[in-house]
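Asker: return a 3D structure for these sequence lines:
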Amino acid sequence: MEREDSRIRLRDLKRARERESKHFVNVPLDYETKKRLEKAAHENDLKMTVIMKAAIDQYLRDNGY
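Answerer: Numbering: from 1, shown residues only. Have a look, this model is predicted:
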C-alpha cells in the first residue's frame with residue numbers, strides 16, 4: 001500500500017513538472033541586437049534568455065497583456 005502511494009505521488013509530481021515545462025520561441029535578431037544582448041548578459045552575469053524573458057514580460061505588462 002505504501003509503495004502504491006509513493007508511486008502515485010511520483011506520477012503526480014511528474015505531471016506537475018510537465019505542466020510547468022518551458023515553451024520555446026525562436027526569435028531572429030539582427031547582428032547588433034544580438035551583440036548588445038550578449039554584452040548585457042555577460043556584464044550582468046545573466047543568461048540571455050533571462051533578459052529576453054524579462055523584456056517580453058515587461059512589454060506585455062506595459063501593453064495590458
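Asker: run through the protein and note the low-pLDDT ranges.
Answerer: The chain contains residues with pLDDT under 70 at 20-21.
Asker: centroid residue for this structure?
Answerer: Nearest to the geometric centre of the chain sits K22, at 5.7 Å (Cα atoms, centre = their mean).
Asker: now do the same for that one: helix, strand or coil?
Answerer: Following DSSP: H, G, I helix; E, B strand; the rest coil, the label given to K22 is coil.
Asker: just the one 3 residues further on next, same as before
Answerer: For V25, the reduced secondary structure class is coil; criterion used: three-state DSSP.
Asker: ok, it to R9 distance?
Answerer: 33 Å (Cβ to Cβ, to the nearest Å). Every C-beta, even on glycine, is put in place using the N, C-alpha and C of the backbone.
Asker: of these two, give the one with the bigger neighbour count.
Answerer: R9 (10 against 7; other Cβ atoms under 10 Å).
Asker: using the three-state scheme, assign the more buried one.
Answerer: R9 ends up helix, using three-state DSSP.
Asker: next one: it from I56, what distance?
Answerer: Distance from R9 to I56, counting by Cβ to Cβ: 34 Å.
Asker: and for T33?
Answerer: 14 Å.
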